[in-house]
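# here you go, sequence then predicted model.
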Amino acid sequence: MTGQSNLGMDYFETLSNTNGPEWNANLWPPFTQISSSTPPQKIKEAQGALLLRENEPPLIDAISSWWVTLHGHSHPYIAKAIAHQANQLEQIIFADFLHPQAENLAKRLSKLTGLQRLFFSDNGSTAVEVALKIACQWWHNKGESRNQIIAFEGAYHGDTFGAMAVGERNLFNAPFEKMLFPVSRLPWPSTWWDDEDIEHKEKIVLDGLEKLLKTPTAAVILEPLVQGAGGMAMVRTEFLQKLQKLIHEAETLLITDEVLTGFGRCGSLFAFQRAELQPDLISLSKGLTAGFLPMGVTMATEKIFQAFLGNDPNLTFWHGHSFTANPLGCAAANASLDLLEESPNKYLNFESRHLPHLTKLAKNPKIIRPRLYGTIAAFNISANGPKGYLNTAGKALKRYALEQGVFLRPLGDVVYILPPLCISDAELEKCYFVIEKGLQAIA
């Protein structure tokens, strides 16, 4: 497509019926209603910020392939580290054996987070499950009954049952509603540039938390600074500090889900550091291995770990995964940390790269609620139809951007750019240019 034709709000649905790629007869894609979606395009390889398609021009990966590709695709340093490890040790049962890559990663992450103990799992959802189970069993091991867990509206923590329970209850988990354990929930006081109501919104939440904490509480779980799948909903550091004060006064555990926000995404190595929080448990995944291999990690304080020690087998944390501490994943994670430590300015200064583009784009009357943390720039489209994930404006913009060589995946009416650290200035500028032209096209 060329030019700026008036696509209309039904553009996405119309294109889904045109001739083009066909659905694979054996695959079941995630988060996709096949009856009303366009078949996926084939990617033969990827380099840096570019996805290379079959018989089509390359695409700029403006969302880091679901937020996992940290340094860029096929980074040679990480690929070499994985290949080297594969020739030495590909897998070993971690319940009986150690290996150097796991020991090195645990030592490094402990030093970087300030939390001494690392528990391996397989992905972000399981990293959250582990954190929830540790928090609840910690109180049980101490002989104290605390059953309340506090979470926030709009949260997304994964798709396994415990993670669903503490996430937003919506159409994604409605069939399982009766099977999810009860959670006490508070609003998420999301904010944006020139938000005049923010202090009032925050006060409502803090007052509500103070009341909830009068009930003995096992843990409060949150995504620090940014709720990802909930619409890149951002909160102020000042709010999180006040929230933490109440949590500490109630002697409750704080879990920070850094599956999205970790490893430089929010302008500091971890979002809890920018917010000046002191979590008891941290869930990590996505950028952990720079997108090369699936792996999850839950960090815990030494204080928590000590409550699981003793001669009584009931004190044991009976949890594990077949691929716990997989050596290849650990090698990728260690190589990624090497790159982050070698060039910290890539994530420390990324916000300044977004800022002039977002400032200019925010003048567009179709854009509301612009916001920015680190590598994550986001805004809402002012459009007709339902608000949130089911709004079709983002789908139309996504299709237009694909035609212009940029891969976006809006969350309904929320558009965001979350690119790999390696993206060039020209590639980043093109992302914003295509969005601007796309907003005109879908009028």
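Arrived safely. Numbering: from 1, shown residues only.
# not counting its neighbours along the chain, what's nearest G208?
Using Cβ to Cβ, 6 or more residues apart in numbering and skipping residues adjacent in sequence, the residue nearest G208 is L186, 5.1 Å away. Just so you know, the C-beta spots here come from the backbone N, C-alpha and C atoms, and that holds for glycine as well.
# what's opposite that neighbour in the beta bridge?
Applying DSSP bridges to L186 gives these bridge partners: F152.
# can you report how many residues lie near it?
In terms of burial, L186 registers 20 neighbours under the definition other Cβ atoms under 10 Å.
# what's it in contact with, if anything?
Residues near L186 by Cβ atoms under 8 Å, 6 or more residues apart in numbering: 150-153, 205, 208-209, 212.
# got TSV for these, with pLDDT too?
Shown next, in TSV, are the contacts of L186 (pLDDT from 0 to 100):
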residue	pLDDT
I150	98
A151	98
F152	98
E153	97
V205	98
G208	98
L209	98
L212	98
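# buried only: go through the residues you listed for me.
Members of those that pass the buried threshold by neighbour count (16 or more other Cβ atoms under 10 Å) are listed as 150-153, 205, 209, 212.
# just these now: which is nearest F97?
Nearest to F97 among the buried ones among the contacts of L186 is A151, at 36.4 Å by Cβ to Cβ.
# quick revisit: for Q273, state which of the buried ones among the contacts of L186 is nearest.
The shortest gap between Q273 and any of the buried ones among the contacts of L186 belongs to F152, at 20.1 Å (Cβ to Cβ).
# residues contacting the closest one?
With contacts defined as Cβ under 8 Å, 6+ apart, the neighbours of F152 are 185-188, 222-223, 227.
# for W138, helix, strand, or coil?
Remark: W138 carries the secondary structure label helix [criterion: DSSP: H, G, I helix; E, B strand; the rest coil].
# quick one on the thing from earlier: what score does the residue nearest to G208 have for pLDDT?
With respect to pLDDT, L186 scores 98.
# neighbours of A135, how many?
If you count neighbours by other Cβ under 10 Å, A135 ends up with 25.
# identify the residue spatially nearest to it, adjacent ones excluded.
Nearest non-adjacent residue to A135, counting by Cβ to Cβ, 6+ apart: A219, 4.0 Å away.
# related to what we said a few turns ago, distance of the residue nearest to G208 from V220?
Here the distance between L186 and V220 works out to 9 Å (Cβ to Cβ, to the nearest Å).
# repeat that for I82.
37 Å.
# one more: H357?
H357 sits 35 Å away from V220, taking Cβ to Cβ as the criterion.
# so the two - more neighbours on which side?
Taking neighbours as other Cβ under 10 Å, H357 and V220 compare with V220 leading, 29 against 19.
# which residues does that one bridge with?
I150, L254.
# where's it relative to I255, distance?
For V220, the distance to I255 (Cβ to Cβ) stands at 7 Å.
# thinking again about what came up before, what's the PyMOL line that selects buried ones from the contacts of F152?
Those of the contacts of F152 that meet the burial criterion (16+ other Cβ under 10 Å) are gathered into one PyMOL selection, given here:
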select buried, resi 185+186+188+222+223+227
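# dump the contacts of F152 into JSON lines; add distance to E45 as well.
Listed next are the contacts of F152 as JSON lines, based on distance: Cβ to Cβ, whole Å:
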{"residue": "R185", "distance to E45": "43"}
{"residue": "L186", "distance to E45": "45"}
{"residue": "P187", "distance to E45": "44"}
{"residue": "W188", "distance to E45": "39"}
{"residue": "L222", "distance to E45": "38"}
{"residue": "E223", "distance to E45": "32"}
{"residue": "Q227", "distance to E45": "33"}
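# could you list the low-confidence segments of this protein?
Low-confidence segments of the chain, defined by pLDDT under 70: 1-20, 443.
# pop the domain breakdown of it in here.
Following automatic domain parsing, one gets these domains for the chain: 11-74+349-441, 76-342.
# now the helices: where do they sit in the stretch 251-400 of the chain?
Taking DSSP state H, counting those that start in this stretch as the criterion, the stretch 251-400 of the chain carries its helices at 271-274, 302-306, 327-342, 345-348, 350-361, 393-403.
# now the fourth one: buried residues?
Residues of helix 345-348 classed as buried by neighbour count (16+ other Cβ under 10 Å): 346-347.
# from the chain's centroid, how far away is that helix?
Between the centre of helix 345-348 and the centre of its chain there are 18 Å (Cα atoms, centre = their mean, to the nearest Å).
# measure the residue nearest to A135 to H71 for me?
A219 sits at a distance of 32 Å from H71 (criterion: Cβ to Cβ).
# cool, and A131?
Note on A131: its distance to H71, by Cβ to Cβ, is 26 Å.
# neighbour count for these two, which is higher?
The residue with the greater number of neighbours, taking A131 and H71 and applying other Cβ under 10 Å, is A131; the counts read 32 against 25.
# now do the contacts for that one.
The neighbours of A131, taking Cβ under 8 Å, 6+ apart as the test, are 219, 221, 255, 257, 281-283, 298, 300.
# of those residues, which is the nearest to I423?
Closest approach between the contacts of A131 and I423, by Cβ to Cβ: D257, at 25.3 Å.
# the closest one - how many residues pack around it?
Residues contacting D257 under the criterion other Cβ under 10 Å number 32.
# okay but it is in contact with V220, surely?
No: counting by Cβ atoms under 8 Å, D257 does not reach V220; the two are 11.1 Å apart.
# ok, the residue nearest to the spatial centre of the chain to F272 distance?
The residue at the geometric middle of the chain, judged as the C-alpha nearest the mean C-alpha position with Cα atoms, centre = their mean, is L260 (2.3 Å). With the distance defined as Cβ to Cβ, L260 ends up 13 Å from F272.
# again, but for G412
Taking Cβ to Cβ as the measure, G412 falls 28 Å from F272.
# the two: who's more crowded?
F272 (25 against 20).
# quick one: the more buried one and P224 touch, right?
Yes: when contacts are counted by Cβ under 8 Å, F272 is listed as touching P224 (4.9 Å).
# what residues are shared contacts of those two?
When contacts are counted by Cβ under 8 Å, 6+ apart, F272 and P224 have 256, 258 as shared neighbours.
# ok, back up a step: quick check: which of the helices of the stretch 251-400 of the chain is nearest to Q41?
Each of the helices of the stretch 251-400 of the chain was checked against Q41 via Cβ to Cβ, and the shortest separation belongs to helix 393-403, namely 7.9 Å.
# elements contacting that closest one?
Judged by 3 or more Cβ pairs under 8 Å, 6 or more residues apart in numbering; DSSP states H and E, the packing partners of helix 393-403 are helix 11-15, strand 376-381, strand 414-417, helix 425-441.
# output these in JSON lines; the columns should cover distance to L246 and mean neighbour count.
Formatted as JSON lines, the entries for the helices and strands packed on helix 393-403 read as follows, by distance: least, Cβ to Cβ, whole Å; neighbours: other Cβ atoms under 10 Å:
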{"stretch": "helix 11-15", "distance to L246": "44", "mean neighbour count": "18"}
{"stretch": "strand 376-381", "distance to L246": "26", "mean neighbour count": "25"}
{"stretch": "strand 414-417", "distance to L246": "29", "mean neighbour count": "24"}
{"stretch": "helix 425-441", "distance to L246": "39", "mean neighbour count": "18"}
